[in-house]
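Okay, here's the prediction I keep looking at, along with the sequence it came from:
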Amino acid sequence: MERAVYRTAGGMPVTAVTADEMREVDRVATEEVGLGLLQMMENAGRNLASAVRATGADGAVVLAGDGGNGGGGLACARHLANRDVAVEVVLDRPPAALDGAAARQHRVVDAMGVPVREGPAGPPETDAVVDAVIGYGLSGAVRGIARDLVEACGGTDARVVSLDVPSGLDATTGESTGPVVDPAEVITLALPKTGLRGVDCPVTLADIGIPRTVYRRLDVPYDPPFDDAYLVPLERTGE
Ligand SMILES: NC(=O)C1=CN([C@@H]2O[C@H](COP(=O)(O)OP(=O)(O)OC[C@H]3O[C@@H](n4cnc5c(N)ncnc54)[C@H](O)[C@@H]3O)[C@@H](O)[C@H]2O)[C@H](O)CC1
Ligand SMILES: [K+]
């Protein structure tokens, strides 16, 4: 099977992976190689913040869920606030209901004094919206407050930047059975997801520090595409 559907500006092919394949990459990276989830999430949040700052935004609203995607969004909120971007976080649940890595990230932004509230939100009035509600962990049509957050992205004039995949989009198939974010840009982590094939906006690949031994162990074709950069724009190959 010809798997690469992207290449870098330098012409290097970049393999697209399904959600299950990416879960395996994460599992091998953590369980076999010893990379921590928080380490990868830190790189995700930092690179996402860098992409948001590159748009010239002075203000940002981070929409975050409870999983790895939301945790990356919360880490991004910290990096933005550290650089004096006026950040607000809107969650799909009460802060006290967060769990795991997202709860850990929330604890820090809360201690920093970053405003955090539970949605639903109207369309955010700000320069940039970070869509970190759901990533490759989507199951079925988006429900509940997460659905309100996804729909709020449709009514804003702000530049919407989605983390990993637009929330509501199936990362493997590109299909959606409910509302889906229509972003200005996607910052996808480690490798592009097969479901991004039909997404009609620029896709940028962010380095989260996964070493090539992880891809070798899984027989995923991989040439490190990052060189000196941590964010690399991708082009579709047209097949
Ligand atoms: N190596 C990497 O690529 C890394 C990726 N990271 C990020 O983590 C997410 C995947 O994390 P996971 O916890 O598995 O799932 P999600 O955050 O995508 O979603 C879980 C979250 O979403 C809720 N949910 C699921 N379906 C629905 C629905 N239909 N309606 C409402 N809510 C829904 C669910 O309840 C959970 O709360 C990946 O995309 C990356 O962004 C890591 O941060 C670093 C390594
Ligand atoms: K997302």
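Here it is on my side, so go on. Ligands and ions are numbered 1, 2, ... in the order given.

most centrally placed residue in this structure?
By C-alpha atoms, centre = their mean, the mean C-alpha position of the chain lies nearest to L163, the distance being 1.9 Å.

check contacts around the nearest residue to that residue once chain neighbours are set aside.
Once flanking residues are discounted, L163 sits nearest to A132: 4.4 Å by C-beta to C-beta, 6 or more residues apart in numbering. C-beta here means a position set from N, CA and C on the backbone, and glycine is covered the same way. With contact taken as C-beta atoms under 8 Å, 6 or more residues apart in numbering, A132 is in contact with 48, 62-65, 69-70, 72-74, 76, 163, 167.

can you rerun that using 7 Å?
For A132, the contacting residues are 62-65, 69-70, 72-73, 76, 163, by C-beta atoms under 7 Å, 6 or more residues apart in numbering.

Ok, L169 next?
Listed by C-beta under 7 Å, 6+ apart, the contact set of L169 reads 176, 180, 195.

What distance do you get for it to A132?
14 Å (C-beta to C-beta, to the nearest Å).

can you check A60 too?
Separation of A60 from A132 (C-beta to C-beta): 11 Å.

Got the phi and psi for the residue nearest to the centre of the chain?
Reported as degrees, to the nearest 10, the phi and psi values for L163 are phi -90, psi 120.

In the lengthiest helix in the chain, which residues are buried?
As assigned by DSSP state H, the longest helix anywhere in the chain is helix 37-53. In terms of neighbour count (16 or more other C-beta atoms under 10 Å), helix 37-53 has its buried residues at 40-53.

So the residue of the chain found nearest ligand 2: helix, strand or coil?
Here the residue of the chain nearest ligand 2 is S167; by C-beta to the ion that distance is 4.1 Å. What DSSP: H, G, I helix; E, B strand; the rest coil gives for S167 is coil.

just checking, I145 touches P94?
No: counting by C-beta atoms under 7 Å, I145 sits too far from P94 to count as a contact (9.7 Å).

got any residues that touch both of those two?
E118.

Compare these two and say which is more crowded by neighbours.
The neighbour comparison of I145 against P94 (other C-beta atoms under 10 Å) goes to I145, with 19 against 11.

distance of that one from A111?
Separation of I145 from A111 (C-beta to C-beta): 24 Å.

got it, and A96?
Distance of A96 to A111, computed by C-beta to C-beta: 15 Å.

related to what we said a few turns ago, G122: which of the contacts of L169 is nearest?
Of all these, G122 sits closest to V180, with 18.9 Å by C-beta to C-beta.

nearest spatial neighbour of that closest one, skipping sequence neighbours?
Spatial nearest neighbour of V180, excluding adjacent residues (C-beta to C-beta, 6+ apart): G168 at 3.4 Å.

Test my guess that that neighbour contacts S176.
Yes: counting by C-beta under 7 Å, S176 is a contact partner of G168 at 5.0 Å.
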